[in-house]
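1. Would you be able to build a 3D model of this:
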Amino acid sequence: MSTTDEVQPDADLRDIARAVADEARSYLTTVTEVAAGTNPDASLPLLLLAVSDVLAAGARLGATQDVVPPLRFEPDLGPDPDVDPLRAGLANVFEGIDEYDEVVDPVLGSDVTQATVSGDLVSIAGALAQGLRHHETGQVLEALWWWQFSYLSDWGGRASSCLRTLQSMLGHLRLDVDDDVATEAEYDALQQ
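-> Numbers count the residues shown, from 1 in each chain. Sure thing, here's the model as predicted:
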C-alpha cells in the first residue's frame with residue numbers, strides 16, 4: 001500500500017495529527033535553538049514552555065482510542081535523523097546541572113535512577129521527529145500510531161520527569177537568594 005493508498009483517518013484524528021505535528025515542529029525548533037545557544041538567558045523558560053506544550057499534545061494522544069495503522073510494519077523512511085549534535089549542544093547548555101534523580105516507575109515501586117535533562121530532551125525530540133517524518137509523507141495514521149505508542153511507552157514519562165526538573169531548576173534560579181539579600185528583604189518588609 002503506498003502513501004496515497006493509505007486509509008484516511010476521520011476528521012478528529014486528522015485534527016489531532018495536525019495539532020501534534022505543529023507541537024512537534026515547535027518543540028524541535030525550540031530545543032535546536034536552545035542547543036545552539038541562541039538565547040541563553042531564556043533557555044529554561046523556553047524549554048519549560050516547549051515541554052509543557054508537547055506534554056499537552058501527548059495527553060491528547062493518551063486520551064485517544066488506540067490508533068492502529070493499516071500496515072503491521074513501519075514504512076522505511078531511510079536513516080534516522082542524527083541527534084548527536086543536538087545531544088552535545090544540550091549537554092553543553094546543562095553542563096553541571098544536567099543529571100537528576102528520577103523514580104523509575106512510581107506505580108511499581110520507589111526505585112530511583114539517574115537521568116539527564118539533555119538526554120530526556122533529545123529522546124523526546126527523536127520520537128517526535130520520527131512521527132513527523134511519517135506525517136510529512138502523508139502517512140497520518142502511522143504518524144499518530146508512532147506518536148501515541150512512543151508517548152505511552154517512553155517520551156511521555158521522559159517529558160513529565162524533565163518538566164518537573166526544568167520547573168525545579170527555574171524555581172531555584174529565581175527564588176534562591178543569598179542569606180544577606182534575604183535578611184535585608186525581611187528587614188525592609190518589617191520596616192514598612
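
2. Can you list the low-confidence ranges for the protein?
-> Along the chain, segments meeting pLDDT under 70 span 1-9, 70-77, 79, 177-192.

3. where do the strands sit along it?
-> Using DSSP state E, the strands of the chain run over 99-103, 112-116.

4. Which elements pack onto the first one?
-> This means strand 99-103. strand 112-116, helix 156-175 (3 or more CB pairs under 8 Å, 6 or more residues apart in numbering; DSSP states H and E). Yep, even glycine has a C-beta here, placed from its N, CA and C like the rest.

5. That one: which residues count as buried?
-> Under the neighbour-count criterion of 16 or more other CB atoms under 10 Å, strand 99-103 has 100, 102 buried.

6. and the closest residue in space to Ala35 that isn't next to it in sequence, how many neighbours does it have?
-> Leaving aside its sequence neighbours, Ala35 sits nearest to Gly89 (CB to CB, 6 or more residues apart in numbering; 3.0 Å). Using other CB atoms under 10 Å, Gly89 has 19 neighbouring residues.

7. Who are the contact partners of Gly89?
-> 34-37 (CB atoms under 8 Å, 6 or more residues apart in numbering).

8. okay, the angle between the helix ranked longest in the chain and helix 156-175?
-> When every helix of the chain is counted residue by residue (DSSP state H), the longest turns out to be helix 11-35. On the basis of axes from the mean of the first three to the mean of the last three CA atoms, to 10 degrees, helix 11-35 is oriented at 50 degrees to helix 156-175.

9. who touches helix 11-35?
-> If you take CB under 8 Å, 6+ apart as the criterion, helix 11-35 is touched by 8-9, 39, 43, 46-47, 49-51, 53-54, 56-57, 60-61, 64, 67, 85-86, 88-90, 92-93, 121-122, 124-125, 128-129, 131-132, 135-136, 140-141, 143-144, 147.

10. please redo it, this time with the cut-off set to 6 Å
-> Residues outside helix 11-35 that contact it (CB atoms under 6 Å, 6 or more residues apart in numbering): 43, 46-47, 50, 53-54, 57, 86, 89-90, 121, 125, 128, 132, 135, 140, 143-144, 147.

11. Which members of the residues you listed are positioned in helices?
-> With DSSP H as the criterion, helices contain 43, 46-47, 50, 53-54, 57, 86, 89-90, 121, 125, 128, 132, 135, 140, 143-144, 147 from among these.

12. sorry, back to before: what would the strands of the chain look like in TSV with distance to Leu163?
-> Listed next are the strands of the chain as TSV, based on distance: least, CB to CB, whole Å:
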stretch	distance to Leu163
strand 99-103	12
strand 112-116	12
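
13. returning to what we had before: now which of the contacts of helix 11-35 would you call buried?
-> Buried by 16+ other CB under 10 Å: 43, 46-47, 50, 54, 57, 86, 89-90, 121, 125, 128, 132, 135, 140, 143-144, 147, out of the contacts of helix 11-35.

14. hang on, the earlier thing: so which of the strands of the chain comes closest to Asp80?
-> Ranking these by proximity to Asp80 (CB to CB) places strand 112-116 first, at 20.0 Å.
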